[in-house]
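Student: Okay, here's the prediction I keep looking at, along with the sequence it came from:
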Amino acid sequence: MSAVRAPDEAHRQPPPRGTSHSSLTLALVGSGGDGVALLGDLLLRMAAQLGLHGMMVQSYGPQIRGGESAVILRVAAREVGYEGDRTDVFVCFRLADLRRFQGAVRLHRDSVVILEQSDTQEMPEWIGRSERETFRYPFARFENGIEVPGDPKNMLALALVCKVLGWPAALARETLGQRFGHRPDVLARNLAAFDRALGGPSPSEVRIAPGEGKALFAETGNEAIARGAIEAGVKFFAGYPITPSSEIMETLMDELPVAGGRVVQAEDEIAAIGMVLGASFGGVPSMTATSGPGLSLMTEMAGLSSMAEIPAVIVDCQRAGPATGMPSRTEQSDLNHAIYSGHGDFPRAVLGVFDVVHARDVMHRAVHLAEKYQLPVFVLSDAYIAQRRQIRGPVGERPPISRRDLWSPGMGPARFDLSGDHGVTPFRVPGTPDGTYLAAGIEHTEEGYPTADGTLHHRMNRKRFQKLDAIAAETREWFRVLGRADAAKGLVAWGSQYGLLDEWVGRHEDYRVFLPEILHPFPLGAFEAWRERLGSLAVLEMSYQGQLYRYLAGITNLSGARSITRSGGMPLQIGELERLLEGEER
Amino acid sequence: MKAKDFRSPLEPVWCTGCGDFGVLKGLTQALADLEIPPERLAVISGIGCSSRLPGYTRSYAFNSVHGRALPIATGLKLSRPEITTLVVGGDGDGFSIGLGHLPHAIRRNVDLTYVVLDNGIYGLTKGQSSPTTEVDFKRVRGLAGPDERPLNPVLLVLSSGCGYVARTHAGMLPHLRQTVRDAIRYPGFSFVHVLAGCVTYQTPGYAQEIYQRCDEVPAEYDPSSFQAAMTAACAERFQLGVLYRRDPGDGPLDASEAPGLAGIWQPRPARVSEDAAHEE
Ligand code: SF4
């Protein structure tokens, strides 16, 4: 976690001149190896140091390494969870790389455009949308028409962007120093390139409004989930690498042992969740993280977690599916799986993540529910959140997490006692004298012994499902609403649509939005109250079938509501949402 | 402590004469010998006739899902190292659906004792072939053809680098008791292959035939020799006893101990960082 420091030096503040925008979006496009991602990362770090908010999403070509690479970076005076739909500053090292990303680059009259000087590719017609002069810069060096290694292009671009934004060169140098301090040779070469471009010609300027005046920090959704888990008291993690969730495991490998916990890279997802259940059976708050295909493999053990009443948190970074789908692309199509998957009836809770800032809170809640109610809790993030880097404020204190209700000698109730009314019975932790019992995936008696008694099975089902009622009562306020309470048009959405819709209601005052933080059990009472006196209702999601729509239709009356769905792997943009709401077919 | 101190009140549902009774008895005797307090003991299984065994022990017990006992036990042991953790199950559970976990449990060398009750058949699902069903065993459904060969569990775990490998028979109580006791004492992953008969789905007389094909390893047998263990694993007759025991202080198996398998145990080359190119 980066330290939050006060911006005492005057050089941190951008000079206040000209009109400043409350938010700017930068699109940086290059070939793999051009260091576009690093450029975006450095700029985002600088923004955070300046007290600005913002976020950055990356897009790769189909190649693992090499190919095209693009970064969309937004800096803003307030918190944002959406990369914006206007490109204000556009840097492109090679026009040939643009094809895949032109949907993400949306120039307007006043966009600043910076291109490679020697690029002879015909400029796409839409670049002409900017009425400013296109700034050409010799990023590449050529001998006999062949590109030879020269100054790092991204360092030259860093200097140019600093000039465009009016950001202090001293801050850029300091940021480079933090990034490359461990490699003095690289640092020196990068600084030399930066200084060379700084001394050269300057593109035209656009200014961003000053930030909060205190330095913030940036993290990815996956880092936030890992850190939220640690803060919530998770002490054991097992997982198997899978895009786009791997960085949760990687972050935990670095940070969980420091917090006294343990991480195992398992041989597969089944083993991963098995280890989680083993550790949790031992009384230790435990979790795993995966993505669609891994979630499928974990399904049987999710049922075991519920049946044997062993807490487990399962994070799913959704990607476009099914099967292998599009691993680096986002979707919201694992909702059905989280809510309905598995054989037999078993209760589980399902939470959705809005953005990076929300991720830590969600993990706190997930661990709380799993531990308190002794069941599996699914946390649905997605690729759009997982791999975005987002600036956030300092992490606040949270109330301490409730612990598992533990059995102690002489306490009485059997491990699966049926007499309670909330389904939760004290957990027996190995090591507790006189507490031995059998945990089982097979249906069991109150003591835990196997049984095929149908009446008892029904009563055990009731015991287990009573937990859902208790969770529903506890979580009925777990939702967010956006927009004016009297707006006539309603949108229901979930997860990573949050950032987009937060901006949407700022521009469309006729809309109000309902976003559940817990998807199952759904905060139905709050939803029914929110939708009163609505003129129209639409359910918006990134799935093909309309999974949220169908789920809601199963628990409430949705007649007259529209289902607005779009799969495809790319996050929705405001312009696209406008068209979708106007009923345009894709 | 007595063996019965490790028995739960539950009566086994096994068929009268099932080899699993012997294992339950020998195992509880071994636990009594070691005087492990039941609350510090966990017995984990998957599914199958023999996987019912944890329910019959007084311990923290877990009868989980098919084939997954080892990951569950690994998670428990890593998070609660002070709990003595046993894994029990059958040949289908361990060598068929759950086989993928076995070499990894061995590789991690977590201090578990894995006792496999091998009856060479699927008892709970009524008589299909298992991965250790012998080729000429005609009554069994599920064999693809006469060339379908049984796995050799001992060879399998030896070649995965297991530091403690033993074999015993469900009908030889003192031998079983002693073997399990030694295996639990071994600090690291230990594997005990128990030949156990199914009286219901095996051909009549087959269990007896297996028993008669057993030999205890001779007194001069050297369990520290990997080559001896490999020879014993491949012997025509079942060799019983501690077949391999690597001193826990000796570190991982050295390729020189197993020339034929040298490639498997080559030390890994140091990892070259690729980050450099990426960061520039
Ligand atoms: S079916 Fe075979 S293995 Fe299963 S309990 Fe009966 S005798 Fe034992």
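Tutor: That came in fine, so what should we check first? All values reported here derive from a predicted model rather than from experimental measurement.

Student: Near the ligand, which residues of chain A are found?
Tutor: By Cβ under 6 Å from any ligand atom, no residue of chain A approaches the ligand. (Each C-beta comes from the backbone N, C-alpha and C, glycine too.)

Student: longest single helix anywhere in chain A?
Tutor: Assignment by DSSP state H gives helix A:454-474 as the longest helix of chain A.

Student: Which residues outside that one are in contact with it?
Tutor: Contact with helix A:454-474 is made by A:306-307, A:309, A:345-347, A:349, A:369, A:373-375, A:416, A:418, A:420-425, A:443-445, A:451, A:518, A:521, A:523, as judged by Cβ atoms under 8 Å, 6 or more residues apart in numbering or on different chains.

Student: Then stretch A:562-573?
Tutor: Residues external to stretch A:562-573 that are found in contact with it (Cβ under 8 Å, 6+ apart): A:57, A:83, A:85, A:103-104, A:320, A:326, A:329-331, A:333, A:384, A:496-497, A:500, A:536-546, A:549-550, A:576, A:580-581, A:586.

Student: Any of these buried? List them.
Tutor: A:57, A:83, A:85, A:104, A:320, A:326, A:329-331, A:333, A:384, A:496-497, A:500, A:537-543, A:546, A:549, A:576, A:580-581 (16 or more other Cβ atoms under 10 Å in any protein chain shown).

Student: Which of the residues you listed fall in helices?
Tutor: A:384, A:497, A:500, A:549, A:576, A:580-581.

Student: which stretches of the stretch 251-400 of chain A form strands?
Tutor: Taking DSSP state E, counting those that start in this stretch as the criterion, the stretch 251-400 of chain A contains strands spanning A:262-265, A:286-290, A:312-318, A:349-352, A:376-382, A:389-392.

Student: other SSEs contacting the fifth one?
Tutor: Contacts defined by 3 or more Cβ pairs under 8 Å, 6 or more residues apart in numbering or on different chains; DSSP states H and E place strand A:376-382 against helix A:221-232, helix A:292-307, strand A:312-318, helix A:335-340, strand A:349-352, helix A:356-373.

Student: so where's chain B shaky on pLDDT?
Tutor: With pLDDT under 70 as the threshold, chain B has low-confidence stretches at B:135-146, B:251-256, B:258-280.

Student: Okay, buried residues for stretch A:126-140 please.
Tutor: For stretch A:126-140, by 16+ other Cβ under 10 Å, it's A:127, A:130, A:135, A:137, A:139-140.

Student: What is the end-to-end distance of it?
Tutor: The first residue of stretch A:126-140 is 24 Å away from its last residue (Cα to Cα, to the nearest Å).

Student: Contacts for that stretch, please.
Tutor: Identification of contacts with stretch A:126-140 by Cβ under 8 Å, 6+ apart yields A:90, A:93, A:102, A:107-118, A:123, A:147, A:150, A:153, A:156-157, A:160, A:197, A:200-201, A:203-204.

Student: Let's see which of those end up in helices.
Tutor: With helices taken from DSSP H, the overlap with these comprises A:153, A:156-157, A:160, A:197.

Student: quick check, nearest of those to chain B?
Tutor: residue A:153 (10.6 Å; Cβ to the nearest Cβ).

Student: Mind pulling up the pLDDT for the spatially closest residue to that closest one that is not a sequence neighbour?
Tutor: Leaving aside its sequence neighbours, residue A:153 sits nearest to residue A:139 (Cβ to Cβ, 6 or more residues apart in numbering or on different chains; 4.3 Å). What the model reports for residue A:139 is a pLDDT of 96.

Student: Could you look up the SS state of residue A:139?
Tutor: For residue A:139, the assignment made with DSSP: H, G, I helix; E, B strand; the rest coil gives coil.

Student: Number of residues surrounding residue 78?
Tutor: With no chain named, the answer covers chain A. Residues contacting residue A:78 under the criterion other Cβ atoms under 10 Å in any protein chain shown number 13.

Student: wrong one, chain B
Tutor: By other Cβ under 10 Å, 22 other residues sit near residue B:78.

Student: Residue A:482 belongs to a strand?
Tutor: Yes: assigned with three-state DSSP, residue A:482 falls within a strand.

Student: mind checking pLDDT for it?
Tutor: On pLDDT, residue A:482 comes in at 98.

Student: Just give the nearest non-adjacent residue to whatever residue of the stretch 151-280 of chain B ends up closest to the ligand, would you?
Tutor: Closest approach between the stretch 151-280 of chain B and the ligand, counting by Cβ to the nearest ligand atom: residue B:198, at 3.2 Å. Leaving aside its sequence neighbours, residue B:198 sits nearest to residue B:119 (Cβ to Cβ, 6+ apart; 4.1 Å).

Student: OK, contacts around the one you found?
Tutor: B:19, B:49-50, B:90-91, B:130, B:196-198, B:202.

Student: again, 7 Å this time
Tutor: When contacts are counted by Cβ atoms under 7 Å, 6 or more residues apart in numbering or on different chains, residue B:119 touches B:19, B:90-91, B:196-198, B:202.

Student: Looking at these, which are in helices?
Tutor: Assignment to helices by DSSP H places the following of those there: B:19, B:91.

Student: Just flag the most distant two among the contacts of residue B:119.
Tutor: Put simply, by Cβ to Cβ the two of the contacts of residue B:119 set farthest apart are B:90 and B:202, 13.3 Å from each other.

Student: Show the pLDDT at residue A:398.
Tutor: For residue A:398, the pLDDT comes out at 80.

Student: hmm, back to that, which positions in the longest helix of chain A come out as buried?
Tutor: For helix A:454-474, a neighbour-count test (16+ other Cβ under 10 Å) marks A:460-461, A:463-464, A:466-468, A:470-472, A:474 as buried.

Student: Go through the residues you listed and name the one nearest the ligand.
Tutor: Within these, distances to the ligand taken as Cβ to the nearest ligand atom reach their minimum at residue A:460, with 25.2 Å.

Student: Next one: that closest one from residue A:209, what distance?
Tutor: Here the criterion is Cβ to Cβ, to the nearest Å. By it, residue A:460 lies 59 Å from residue A:209.

Student: CA atoms only for stretch A:572-586 - export them in CSV, please.
Tutor: Once non-C-alpha atoms are left out, stretch A:572-586 reads as follows in CSV (Å, rounded to 0.1, in the frame of the first residue of the first chain):
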residue,chain,number,x,y,z
LEU,A,572,-20.9,-0.3,-21.5
GLN,A,573,-20.4,3.4,-22.3
ILE,A,574,-22.9,6.1,-21.7
GLY,A,575,-23.5,6.8,-25.4
GLU,A,576,-24.2,3.1,-25.9
LEU,A,577,-26.5,3.0,-22.9
GLU,A,578,-28.4,6.0,-24.4
ARG,A,579,-28.9,4.1,-27.6
LEU,A,580,-29.9,0.9,-25.8
LEU,A,581,-32.5,2.8,-23.7
GLU,A,582,-33.9,4.3,-26.9
GLY,A,583,-34.6,0.7,-27.9
GLU,A,584,-32.0,0.4,-30.7
GLU,A,585,-31.2,-3.2,-31.4
ARG,A,586,-27.6,-4.2,-31.4
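
Student: need the helices for chain B, in chain order.
Tutor: Using DSSP H, the helices assigned to chain B run over residues B:19-34, B:69-79, B:91-92, B:102-108, B:153-159, B:173-185, B:206-212, B:226-234, B:275-279.
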